[in-house]
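Asker: next input, structure requested:
(2 chains)
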2 protein chains.
Amino acid sequence: MSNKYVYTFGGGKGEGDTSMKNLLGGKGANLAEMSGLGIPVPAGMTVTTEVCTHYYDNNHNYPGELEKQVEAGVHHIERVMGAKFGDPKNPLLLSVRSGARVSMPGMMDTVLNLGLTSQTLDGLVEKTGNKRFVYDCYRRFIQMYSGVVMGAESEHFEKIIDEMKTEKGVTLDTDLTVDDLKTLCDLFKARVKEDLGVDFPDNVNDQLWGGISAVFKSWNTERAVEYRRIHGYADNWGTAVNIQSMVFGNMGNDCATGVAFTRDPSTGENRFYGEYLVNAQGEDVVAGIRTPQPINIVGKKDDDEKSLEEIMPDLYNELEGIYKKLEDHYKDMQDIEFTIQQDKLWMLQTRNGKRTAQAAVAIAVDMVEEGLIDKDTAVMRVEPEQLDQLLHPMIDPNVKREAIAKGLPASPGAAVGKVYFTAEEAHAASKGGEKVVLVRLETSPDDIKGMVVAEGILTARGGMTSHAAVVARGMGTCCVAGCQVLQVDSDAKIASIGDITINEGDPLTLDGSTGEVMLGELPTTRPELTGQFGQFMEWVDAVRTIKVRANADTPHDSEVARKFGAEGIGLCRTEHMFFEGERIDAVREMILADDLAGRKKALTKILPMQKSDFKGIFRVMNGHPVTVRLLDPPLHEFIPHTDAEINELAQKMDVPAEKLKAKAEELHEFNPMLGHRGCRLGVTYPEIYAMQTQAIMEAACELVRDEHLIVIPEIEIPLVGHLNELRQMRAVCEKIANEVMERTEQKIKYFIGTMIELPRAAVTADEIAKAADFFSFGTNDLTQTTFGFSRDDAGKFINEYVEKKILPADPFVTIDQNGVGKLMKIAVELGRKTKKNLEIGICGEHGGEAKSVEFCHNIGLNYVSCSPYRVPIARLAAAQAAMADEAKQ
Amino acid sequence: MSNKYVYTFGGGKGEGDTSMKNLLGGKGANLAEMSGLGIPVPAGMTVTTEVCTHYYDNNHNYPGELEKQVEAGVHHIERVMGAKFGDPKNPLLLSVRSGARVSMPGMMDTVLNLGLTSQTLDGLVEKTGNKRFVYDCYRRFIQMYSGVVMGAESEHFEKIIDEMKTEKGVTLDTDLTVDDLKTLCDLFKARVKEDLGVDFPDNVNDQLWGGISAVFKSWNTERAVEYRRIHGYADNWGTAVNIQSMVFGNMGNDCATGVAFTRDPSTGENRFYGEYLVNAQGEDVVAGIRTPQPINIVGKKDDDEKSLEEIMPDLYNELEGIYKKLEDHYKDMQDIEFTIQQDKLWMLQTRNGKRTAQAAVAIAVDMVEEGLIDKDTAVMRVEPEQLDQLLHPMIDPNVKREAIAKGLPASPGAAVGKVYFTAEEAHAASKGGEKVVLVRLETSPDDIKGMVVAEGILTARGGMTSHAAVVARGMGTCCVAGCQVLQVDSDAKIASIGDITINEGDPLTLDGSTGEVMLGELPTTRPELTGQFGQFMEWVDAVRTIKVRANADTPHDSEVARKFGAEGIGLCRTEHMFFEGERIDAVREMILADDLAGRKKALTKILPMQKSDFKGIFRVMNGHPVTVRLLDPPLHEFIPHTDAEINELAQKMDVPAEKLKAKAEELHEFNPMLGHRGCRLGVTYPEIYAMQTQAIMEAACELVRDEHLIVIPEIEIPLVGHLNELRQMRAVCEKIANEVMERTEQKIKYFIGTMIELPRAAVTADEIAKAADFFSFGTNDLTQTTFGFSRDDAGKFINEYVEKKILPADPFVTIDQNGVGKLMKIAVELGRKTKKNLEIGICGEHGGEAKSVEFCHNIGLNYVSCSPYRVPIARLAAAQAAMADEAKQ
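Answerer: Numbers count the residues shown, from 1 in each chain, chains lettered A, B, ... in the order given. Take a look at the predicted model:
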């Protein structure tokens, strides 16, 4: 620990810069940096984090030298600000704020307006000519200081104010007179004395040291400790204390306050953009009681508006110079706060400004062109998740919306259409040319037909990983799931939300990005994927080191995936192919068959259909690998369960309903997720996997032979837990593959691998790798089994888990790195111990989530695979991960 | 590789002993050892396993010296046996057998009667005076040799025999005349020539080398290679070849053959015990066509029987001397085979004899007393699983049984009683004094009342770990589960098995150890836990290093557990306590409550009942730890699901059926095993865990205060996957525990820990250990989630998995050491990294299975916990594990 405990800033100098965040905290370092740039920052000083550590290491005592250094710091502030702390004529007021190396919003204490005492009040009145302002400041100061520093109950003060207002017959604080405020101050002080047995400090130095101690103490409150524990911040980092001169934008008409962005945060356009108010405090600008005015002439929407550029042209010019300096210095769009106190401009804060996706891309590309940043930096300037906004239609942001309900934002984008309550009806209406919103209690594979044609899907039940949500995201269709206030009666073709009734055919608008549901048809916009976007993604791909594939089950999805830049298909689910049209009949015939011969007969009917599906996909993916997962879901998913449905099907299939019912009962499972599915089906019915392999290989060989395409099929065995499962299934597939290649006289390179989606597969990956050409992490299932959470049921308590801070996030959304991720790491290590160059990817929902993509990069996966609509997000996340990784080395 | 390829035995000498199994194979080494003891063994030689390795390493060629050494070996045999290989007057016949270092039953080839040629046939006829015998031998030899060595199809020969019998109008082989047999030999040889294009070898040396090569070749047949792969045997071990003189017990009335045990294999009594037949082959004794006679006078059951002791007293005396010598040498009860050929006794085999549990214990204890073995050796002499026989009643082994069906042997023992089809009726009948067998399609927690009173339980559905099986094993009640041919209609009070109808009240007998179901009431016996058993278990406990606890939920079960030697309770499930009598009403009231206050009110009713349960258990376990698991199952298990049941309950509870139905629907889960259960309930409803903790702690504190008992409560939080879950639940429990201790003015040592039953818990055990005083592996659930197998559903395919050799065993029965076990090892290592002396146990079903107990010992667990009835098994398994472990060091 050095002997320098206090670092000053202001007056065109700063004793530190942003590289000193650990010592000065984030806020202190930034203030010093701004000062160092010659920006007019209210003068102040930072007491270092080392003092905090010393304070705790030494039984709440400060280093001996501190007092003197703080005193010198006060003199520095006085000098710069031309006022004196505690001076009866020209008093200086100070703020005392915490500031750790990372932001811990709301966790620690702040005291404002230090320096008001019976001696300084009058001087301030004289200086400002504003008695009301001064006594309101004093009233607030007593309230805040006695609460934060002295530990008084703040409710007591609120009660006193209420009593006063009742007595005076007024309702607003602002209706109280100056004398009332004076009385309040006296009552407050009396109450402090009564409650705490001590006088409210009337000495500015007592006030200051009380404030400093309060901030240091607040480092160790229960909630701050808990916050650090959750975020993994070390207790011994400590907080700095920032002591800074107060400035006021509300002392009169020569005062103002405002916020501004150095570029347009919604479009990214390179123009200075902001709002301000004369004679106001910062919070007034945001509060919306008075209408803020545009900062410059170019920002005016009508002539009545008065811009700062017109009213205070010199100060506006100064501000312009400053914003350019700041952007030039920070090399990013800045969000700045300023206050003008009696014709003097003070900069209170600058930080990188938040922006829309469109703006983020535009600013990044512009700045590269302006030579402000390089391409790599540009790549880091856009949040991957933000891109989602660019890839889906959205509700026109300029239109006022009134949500009647809010569900989970299950699949982003906007949807506008007429409500239908069944897949059949939705399908029919869509054929008739209507735009359709499908509203269901929850969806099942039977609903696919309706989901495919719908603009959007709304369900009452189910979480972020419910059937509706997963399928919708896969298709890039807007979906609001788990809208719990929604009641649906699909038989009666009616739904209700509270008192509102929704009938079939009613227009409805969904916002899948927020989960909101609106009556009527709101206008939508689709931001263009402009040239800047294409430019940006080129830079992204240049940086990225892992591949990005898409999960796609149809030629159409494959095309979308290619358009979004997918470099192959990481998961082609074959079961979706089983549901369409007559296929489901053949599938049901197979399930009901009494013997192998019967099953083979039915499979023969499915074969040409699957083969044609694969051909369609392989054509689109010419030259890129396609991972096809063999049949995964339990067979009972393909047959109906209610008596009515069974009877209907029995009639259609011309089999006794009893037989169907018996089969349904036989196939019933208590925990289907842990049941007879995945390769377990393949073990019991190898003929199914044989048929699928035949379809894949015939499609591939014929395309190579007849159309001279390059087809790279990867046959994937799902739900493998034991090497022997994979060995046996591999043997089944290899036999067929060889037969097909011989018959078609083709020799193509194909691969047989497995999902790693069970904990047992992860911990025995060295064994399993012996029979696998590739691994692909099925993190949905792996998360289910690692946690013992069913995706279909866990919605009931996962939100509670996140709220109660048991889990930092929904593990079905972002990979649980400590648990599930640990198993993934084990699997990668073990798998590559057996086969050094084993290709390993991920195809769970996590493959398109930025943090998970970063994790996948870090553990050395070869690719991630996600919904087509998330491919650009994954590409960007992968690029950023690569850069972060490089920075570490 | 040495230059000695052939080791001889016989004639009172052996060139090897049992320590040379790797070189001579198990059989060869044993024959050499017996010879070395001076026992009359038919002379022979062993060609070493090194020759096999050489053969495969050198393109199927033998070492140069081998031929000469085999020739010398043949001379040795000729010398000892007084006959000559290939001699027309006095021919020697040889057998050629495989013999690897471990037994690979049926995997490799054998040829008998080598040495029969057109030159030697007459000599043998003359020597034996038995033409029929000689030609039958020759016929068999041609058949076997041409099949095994030459690769002929054996069906062809069967067909020739059949044709001959048809032609002669006879049905039995023995009805064929000597001439017929002669003709058969000619036909066989002609067929060989026709099929294979070569003559059947008529030269004894060709025959011998053909046999040797056939054995070496059979080391590498597909099935042998597969067998080694499954058992983990190395391919380069190789097999030895044993060439030995044939001896015959069927040459006339001066010949005999028999098998004997050196002690009674059923009771363990120290007396020579066996059977024999005059003029017979070994297989005749076992085949049951002729009735074998007792070997000695003491074994005679009636006077008509003729013992060897009476008929051939000298040979019997010789045999007696030999058996004593063998037992003395091998220091274990021997199972011996002998043949008398023309008044000369030959010992063919000796091995440790199989025995019943009762005999195993008796022999082990006797042998210690006789000074033959020490106590440690005695402990190794009983198979832990065998003990099960001693702990349950069994069907009188002397009674003939006729099974009408066979299900899974789900819980051992025998049960005899009248059939009832519902828990209610079973309960009522039992109250009326009847012995009851409960027959159900499958059982659920609702059936507990009937299961408790039943002598045995029979279900049509469910596997070894179904509800019925698990509960029955826990109670030590006989259970046959998953009896698939059983049809049950409990409404009609009728069941059927094929054509057989079973009505309510019909007598039925179950054998839970074999899975058999018998009509009527069969007599049962309960082997006494004699003094010898107690003595034996004392030795067991002296060796054992890990503790054995029991899983018990009631005072009664706890008493049984203590009686069987449990050193505490490792799992006391509290949910079973929720089902009895009025409790279930209060539980349902809690579930239906609309708010916290309503739930608390209902919980207040359950509190005193739980408390009294705990008091009962703590009293029995005075001084021993009791691990109480807080509520685990999902709440829907406590409410009915069918409309009829719901309506009935609604009436009883006086709530609208609609409300009940809505609650049932709300609680419905797609995968309850992965749903809202375990500590997830505790997180949502902390008041439940608080009530349970209060019941535990009040019971404990009051017993300490009022009855001066020692109570060691271990409060166990189930289904923890994340440290934070345990932290929050721990806080809930600690708060209540402190309150209770303060209120009762007691300060007792209690512990709070967790089940490790999720993969995530295992891989983050270092984290979880921070908040845990102990771990207990819930290997049932851990197996479910690690494999992704639902216990309730996996029955459908696990058997198939075992049959198809995907899994070596049902992982719900014996711990899957590579997968689940690996996670356990990780958890132990991580847990003890955080807390060096962390107490870790296991309470899954595996805790009472011998191999799993050994594994638990090896990975350093402190205890295993199992059903009370399996405690002795676990004690013995733990002792044997400790000894094996010591032997390794």
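
Asker: how close does A:Ala428 sit to chain B?
Answerer: For A:Ala428, the distance to chain B equals 29 Å [CB to the nearest CB, to the nearest Å]. (C-beta placed from N, C-alpha, C; glycine too.)

Asker: so A:Gln244, which of the three states?
Answerer: strand (DSSP: H, G, I helix; E, B strand; the rest coil).

Asker: for it, grab the count of nearby residues.
Answerer: A count of nearby residues for A:Gln244, using other CB atoms under 10 Å in any protein chain shown, gives 23.

Asker: ok, now A:Lys747?
Answerer: 10.

Asker: three-state assignment of the closest residue to A:Asp235 other than its chain neighbours?
Answerer: What sits nearest to A:Asp235 in space, not counting adjacent residues and going by CB to CB, 6 or more residues apart in numbering or on different chains, is A:Arg228, at 6.3 Å. When classified by three-state DSSP, A:Arg228 comes out as helix.

Asker: equivalent analysis for A:Leu438, please.
Answerer: Assignment for A:Leu438 (three-state DSSP): strand.

Asker: got the contact list for A:Phe638?
Answerer: Shown in contact with A:Phe638 (CB atoms under 8 Å, 6 or more residues apart in numbering or on different chains): A:Pro445, A:Phe578, A:Phe579, A:Ile584, A:Val587, A:Arg588, A:Ile591.

Asker: ditto for A:Met451
Answerer: A:Ala423, A:Leu438, A:Thr443, A:Ile457, A:Ala468, A:Val471, A:Ala472, A:Met475, A:Thr477.

Asker: extract the C-alpha set from stretch A:727-741 and format it as CSV.
Answerer: Extracted in CSV, the C-alpha atoms of stretch A:727-741 (Å, rounded to 0.1, in the frame of the first residue of the first chain):
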residue,chain,number,x,y,z
ARG,A,727,-21.2,-49.9,-31.5
GLN,A,728,-24.4,-51.9,-32.3
MET,A,729,-26.1,-49.0,-34.1
ARG,A,730,-23.0,-48.2,-36.0
ALA,A,731,-22.9,-51.8,-37.3
VAL,A,732,-26.5,-51.5,-38.4
CYS,A,733,-25.8,-48.3,-40.3
GLU,A,734,-22.4,-49.3,-41.8
LYS,A,735,-23.9,-52.4,-43.2
ILE,A,736,-26.7,-50.5,-45.0
ALA,A,737,-24.3,-47.7,-46.1
ASN,A,738,-22.0,-50.2,-47.7
GLU,A,739,-24.8,-51.9,-49.4
VAL,A,740,-26.1,-48.6,-50.8
MET,A,741,-22.7,-47.5,-52.0
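
Asker: any bit of that stretch sitting next to chain B?
Answerer: Yes - counting by CB under 8 Å from any CB of the partner chain, chain B is contacted by stretch A:727-741 at A:Gln728.

Asker: quick one on the thing from earlier: got a winner among the contacts of A:Phe638 for most neighbours?
Answerer: In the contacts of A:Phe638, the most neighbours by other CB under 10 Å go to A:Val587, 24 neighbours.

Asker: thinking again about what came up before, inside helices: which ones of the contacts of A:Phe638?
Answerer: Of the contacts of A:Phe638, the ones assigned to helices by DSSP state H are A:Ile584, A:Val587, A:Arg588, A:Ile591.

Asker: relative to chain B, how far out is the closest residue to A:Gly210 other than its chain neighbours?
Answerer: Of all residues not flanking A:Gly210 in the chain, A:Val149 sits nearest, at 4.3 Å (CB to CB, 6+ apart). Distance, A:Val149 to chain B, by CB to the nearest CB: 31 Å.

Asker: and A:Val149, how many neighbours?
Answerer: 23.

Asker: wait, what's in contact with it?
Answerer: A:Val111, A:Gly210, A:Gly211, A:Ser213, A:Ala214.

Asker: which stretches of chain A have low pLDDT?
Answerer: A:283, A:285-289, A:465, A:527-530 (pLDDT under 70).

Asker: tell me the residue of the stretch 501-650 of chain A that sits nearest chain B?
Answerer: A:Pro634 (8.9 Å; CB to the nearest CB).

Asker: dump the residue contacts of that residue.
Answerer: A:Leu667, A:Glu669, A:Pro672, A:Gly675, A:His676, A:Arg677, A:Leu681.

Asker: and the nearest residue to it once chain neighbours are set aside, how many residues sit next to it?
Answerer: What sits nearest to A:Pro634 in space, not counting adjacent residues and going by CB to CB, 6+ apart, is A:Arg677, at 4.2 Å. Residues within reach of A:Arg677, counting by other CB under 10 Å, total 25.

Asker: point to the residue nearest the middle of chain A.
Answerer: Chain A has A:Glu385 as the residue nearest its centroid, 6.3 Å off, counting by CA atoms, centre = their mean.

Asker: tell me, how many neighbours does the nearest residue in space to that residue that is not next to it in sequence end up with?
Answerer: Excluding the flanking residues, the one nearest A:Glu385 by CB to CB, 6+ apart is A:Ala850, at 5.6 Å. Residues near A:Ala850, counting by other CB under 10 Å, number 21.

Asker: please report how far A:Ala850 lies from A:Ala878.
Answerer: 9 Å (CB to CB, to the nearest Å).

Asker: repeat that for A:Ser118.
Answerer: For A:Ser118 relative to A:Ala878 (CB to CB), the value is 64 Å.

Asker: just want to know which of the two has more residues nearby.
Answerer: For A:Ser118 versus A:Ala878, neighbours defined as other CB under 10 Å are more numerous around A:Ala878 (27 against 11).

Asker: quick check: the more buried one is in a helix.
Answerer: Yes - read with three-state DSSP, A:Ala878 is one of the residues of a helix.

Asker: hmm, it is touching A:Val548, no?
Answerer: Yes - at 6.1 Å, A:Ala878 counts as touching A:Val548 under the criterion of CB atoms under 8 Å.

Asker: any residues in contact with both of the two?
Answerer: A:Val864.

Asker: returning to what we had before: now the contacts of A:Pro634 in CSV, with secondary structure and distance to B:His76?
Answerer: Formatted as CSV, those follow (DSSP: H, G, I helix; E, B strand; the rest coil; distance: CB to CB, whole Å):
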residue, secondary structure, distance to B:His76
A:Leu667, helix, 67
A:Glu669, coil, 66
A:Pro672, helix, 69
A:Gly675, coil, 64
A:His676, coil, 61
A:Arg677, coil, 64
A:Leu681, helix, 61
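
Asker: quick check, nearest of the residues you listed to B:Thr53?
Answerer: B:Thr53 has its nearest neighbour among these in A:Leu681, at 43.0 Å by CB to CB.
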